[in-house]
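Asker: sequence unavailable; structure follows:
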Ligand code: PMP
């Protein structure tokens with residue numbers, strides 16, 4: 001009998017399990033469409049030129065690595081706030097919004113969840129069906145009960161907006177609603193601006209607490225257009241949470257760079273909220289790491305580097321769009337003509353509509369790896385593999 005005798009093995013992470021299988025596959029044609037990572041046209045994780053330049057600048061003037069403030073680097077927090085809400089936004093100029101540096105989007109969500117639990121021990125959150133796998137686990141571990149609102153409708157290959165609105169209307173006042181600001185993961189389907197207005201009206205009327213998860217700003221249309229969703233919530237006069245991740249947009253996955261913003265009613269409230277959020281941070285990891293945020297801040301504050309980054313982000317976005325079109329064309333060449341929806345979706349992921357059996361076949365017979373739910377990462381396609389993937393998908397249909 002040891003201390004850990006009764007510990008049962010947790011189920012393997014479905015995505016990581018897929019990667020393990022992929023790594024063990026010796027077929028040279030293998031393609032991994034499982035992980036949520038952007039790859040360039042050569043199939044490699046990019047190091048952005050803007051990041052490399054920032055790295056060189058920082059290295060030219062090495063600094064000691066003291067502790068950062070609990071809420072992170074002030075200049076970083078200010079620049080991120082301006083990026084998310086827009087420079088002149090009332091949410092920024094009024095002083096009623098706090099932005100703290102966080103350990104990626106996940107860290108931002110966790111700090112937000114812990115603070116929400118502190119605010120209301122009986123808190124309940126609604127997430128979309130389906131949603132990013134970690135949303136449920138993360139809120140559950142924070143002691144918050146997780147429910148769902150309808151989102152994806154396989155029959156119409158799109159969003160069940162009426163179902164979503166009905167579920168939000170039925171939610172009790174104070175219920176947290178987790179919303180993907182853009183590039184919905186895993187489906188690739190986003191609400192239209194008019195549909196966002198409807199959601200906001202229901203959220204407002206029902207006294208719900210919006211939590212926007214913004215892991216892909218700049219990957220749908222542009223930084224500004226994708227940020228417009230956040231500004232709609234500001235314009236509606238709502239208090240809300242917004243998590244930011246720079247993992248994808250700066251290709252800085254392992255540096256853990258993100259932020260949590262909380263829009264409050266006024267500057268005095270924001271001060272009090274910040275003081276409590278700092279306690280959440282302090283009791284989790286004390287203060288955030290220096291390097292990744294220093295890189296992002298160096299890029300954001302310098303006009304040239306920023307312009308370079310905006311171009312590189314656009315290039316990633318455009319390449320994904322091209323790959324969506326190439327996949328649709330490749331499928332058409334194989335006689336599959338009803339997959340045009342792939343080009344309509346946005347972001348790194350696509351719900352292919354393939355069944356679990358078809359996804360297994362794709363894996364076992366064709367060495368193409370996606371999740372059992374039919375999610376494929378279109379950002380892992382390139383000119384060298386898209387034809388092969390098209391043929392493989394056509395073969396299992
Ligand atoms: N939210 C969503 C919707 C995501 O897809 C991801 C990353 N896959 C995250 C949050 C977490 O981002 P990070 O890697 O920066 O923690």
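Answerer: Structure's in. What do you need? These numbers come from a predicted model, not from an experiment.

Asker: switch to C-alpha atoms for all contacts and neighbour counts from now on
Answerer: Noted.

Asker: the stretch 101-250 of the chain against the ligand: which residues are in contact?
Answerer: Contact residues (CA under 6 Å from any ligand atom) of the stretch 101-250 of the chain with the ligand: 104, 105, 106, 132, 185, 213, 215, 245, 247.

Asker: where along the chain do the strands fall?
Answerer: With DSSP state E, the ranges of strands along the chain come out as 31-32, 97-102, 124-129, 145-150, 152-153, 158-159, 176-180, 209-214, 240-245, 258-263, 349-351, 368-369, 375-377.

Asker: let's have the ones you listed in JSON lines, adding mean pLDDT and mean neighbour count.
Answerer: Below are these laid out as JSON lines (pLDDT from 0 to 100; neighbours: other CA atoms under 10 Å):
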{"stretch": "strand 31-32", "mean pLDDT": "96", "mean neighbour count": "21"}
{"stretch": "strand 97-102", "mean pLDDT": "98", "mean neighbour count": "28"}
{"stretch": "strand 124-129", "mean pLDDT": "98", "mean neighbour count": "22"}
{"stretch": "strand 145-150", "mean pLDDT": "98", "mean neighbour count": "18"}
{"stretch": "strand 152-153", "mean pLDDT": "96", "mean neighbour count": "19"}
{"stretch": "strand 158-159", "mean pLDDT": "96", "mean neighbour count": "18"}
{"stretch": "strand 176-180", "mean pLDDT": "98", "mean neighbour count": "23"}
{"stretch": "strand 209-214", "mean pLDDT": "98", "mean neighbour count": "24"}
{"stretch": "strand 240-245", "mean pLDDT": "98", "mean neighbour count": "27"}
{"stretch": "strand 258-263", "mean pLDDT": "98", "mean neighbour count": "27"}
{"stretch": "strand 349-351", "mean pLDDT": "94", "mean neighbour count": "26"}
{"stretch": "strand 368-369", "mean pLDDT": "97", "mean neighbour count": "26"}
{"stretch": "strand 375-377", "mean pLDDT": "95", "mean neighbour count": "26"}
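
Asker: so which of the ones you listed comes closest to residue 222?
Answerer: Proximity to residue 222 (CA to CA) singles out strand 209-214 among these, at 13.0 Å.

Asker: which residues does that closest one contact?
Answerer: 105, 109, 174-182, 203, 230, 239-245 (CA atoms under 8 Å, 6 or more residues apart in numbering).

Asker: direction included, what does it pair up with?
Answerer: Paired neighbours of strand 209-214 in the sheet (DSSP bridges): strand 176-180 (parallel), strand 240-245 (parallel).

Asker: much appreciated, bye for now.
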